[in-house]
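In: make a model of this:
(2 chains)
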Amino acid sequence: MIDTEWMKKHKWWLHLLALVIGLFLGWFLFFQVPFLYRVIPHGGF
Amino acid sequence: MKKFGKILRAFLMLTFPSLLIGMGIGAYPGYKTYEYTWKDANFCISCHVHDYATYSWEESSHGQATTCHDCHHQPLHQYIKEAYVYVTKRPVFPKDLHHTPNVPSDLCQSCHLSAHADRSTITGPLAKENLAHVPKVDKLYLHAFHLERKTKLTLLKSHQLSDEERMGQFVNPKVIKQDEERAIACSDCHGGPTNRAHHFSAVDLSCVRCHGNIHRSPMGQEYGCRNCHFQEFLLPLDNSAR
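Out: As a prediction, this is how the structure comes out:
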């Protein structure tokens, strides 16, 4: 059962998971945001 | 749902620094991915069927100042469709080279007219402050003359390439078809089957579409149109004897 105790026990795994999620989020934001900023105004959806 | 919210909140509070660090590390490859897809021609030509078009673009003045996206705009859903085609049925030259590409005049005009249109479409390496040095065709005699005229010829993008034309053989291309009257577009002279390779030089075939064999003597066939008329396309408007 996931609760705060469980989270404290597995905190390093959770940090690793957050790192991976952050990696993907950062890659996605810095790739997609400028790309969509270029594409949508000039080509539409 | 409430419990999930609590867990998520606890997760974020615990791992927020790691999330930020991950985003910071991911930002650089994300931006480089954007740069590759938007500014590097290799991304586009990994799929799009070209013969020597990319090479001639790179060697031309446009190759130093533009990217593919400066001229080739498309809607967002087309990128998704292209990703599907890339995986399932990648086009092969020459059999999949079907149509004559079309660049709408407003894209040329954003750089080549003094009273410019929307310049936000320009994404290439050419810095906006250098646009003043790009030749402005509305200030050149025969260019301005043609831009004021209309034509009834169909746009060249409607031309479907024959098997010979796909291989670069342009013998008597049948591109003369009539339609409703419209303003002359840049691609009428600087585009078409013979110009599909991104070279953009106007060829005599472009003149013949409208002017036919206007010279009674064989002069036109022997010397071509541009030998005599080339200079007037570059003559400044205020110096011309009109």
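
In: ranges for the strands of chain B?
Out: B:150-153, B:178-183 (DSSP state E).

In: residues from chain B in reach of chain A?
Out: Within chain B, the residues that sit near chain A (Cβ under 8 Å from any Cβ of the partner chain) are B:7, B:10-11, B:14-16, B:18-31, B:33-34, B:37-38, B:69, B:73-79, B:120-121, B:123. Every C-beta, even on glycine, is put in place using the N, C-alpha and C of the backbone.

In: just checking, B:Cys47 touches B:Tyr86?
Out: Yes - shown here, B:Cys47 and B:Tyr86 form a contact pair, counting by Cβ atoms under 8 Å, at 5.0 Å.

In: in chain B, what secondary structure element scores lowest on mean pLDDT?
Out: Scoring the helices and strands of chain B by mean pLDDT, DSSP states H and E places helix B:163-166 at the bottom, with a mean of 69.

In: nope, chain A is what I was after
Out: Every helix and strand of chain A was ranked by mean pLDDT, DSSP H and E. The lowest is helix A:4-9, at a mean of 82.

In: okay, the residue in chain A positioned nearest to chain B and B:Leu107: tell me how far apart.
Out: Per Cβ to the nearest Cβ, A:Gly22 is where chain A lies closest to chain B, at 2.2 Å. According to Cβ to Cβ, to the nearest Å, A:Gly22 and B:Leu107 sit 39 Å apart.

In: can you list the residues of chain A near chain B?
Out: Counting by Cβ under 8 Å from any Cβ, chain A sits next to chain B at A:2-4, A:7, A:11, A:14-32, A:34-36, A:38-45.

In: in strands, which of these appear?
Out: Per DSSP E, these never map to strands.

In: which ChimeraX command selects the buried ones in those?
Out: Typed into ChimeraX, the line below selects the buried ones among the residues of chain A next to chain B, using 16 or more other Cβ atoms under 10 Å in any protein chain shown:
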select /A:7,14,15,17,18,19,21,22,23,25,26,27,30,31,34,35,38,39,42,43
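
In: which single residue of chain B ends up nearest chain A?
Out: For chain B, Cβ to the nearest Cβ, closest residue to chain A: B:Gly22, 2.2 Å.

In: which of the residues of chain A next to chain B fall in helices?
Out: Applying DSSP state H to these, the entries found in helices are A:4, A:7, A:11, A:14-32, A:34-36, A:38-43.

In: re the thing from before, pretty sure the residue of chain B closest to chain A contacts A:Leu19?
Out: Yes - with contact defined as Cβ under 8 Å, B:Gly22 reaches A:Leu19; the gap is 4.2 Å.

In: quickly list what's touching both of these two.
Out: Residues touching both B:Gly22 and A:Leu19 (Cβ atoms under 8 Å, 6 or more residues apart in numbering or on different chains): there are none.

In: ok, the residue of chain A closest to chain B touching B:Leu20?
Out: Yes - contact status for A:Gly22 versus B:Leu20: in contact at 6.5 Å, counting by Cβ under 8 Å.

In: now do the same for B:Ala241: its pLDDT.
Out: Model confidence at B:Ala241, given as pLDDT, is 50.

In: quick one: contacts for residue 20?
Out: With no chain named, the answer covers chain A. B:Gly22.

In: can you look at chain B instead?
Out: By Cβ under 8 Å, 6+ apart, the neighbours of B:Leu20 are A:Gly22.
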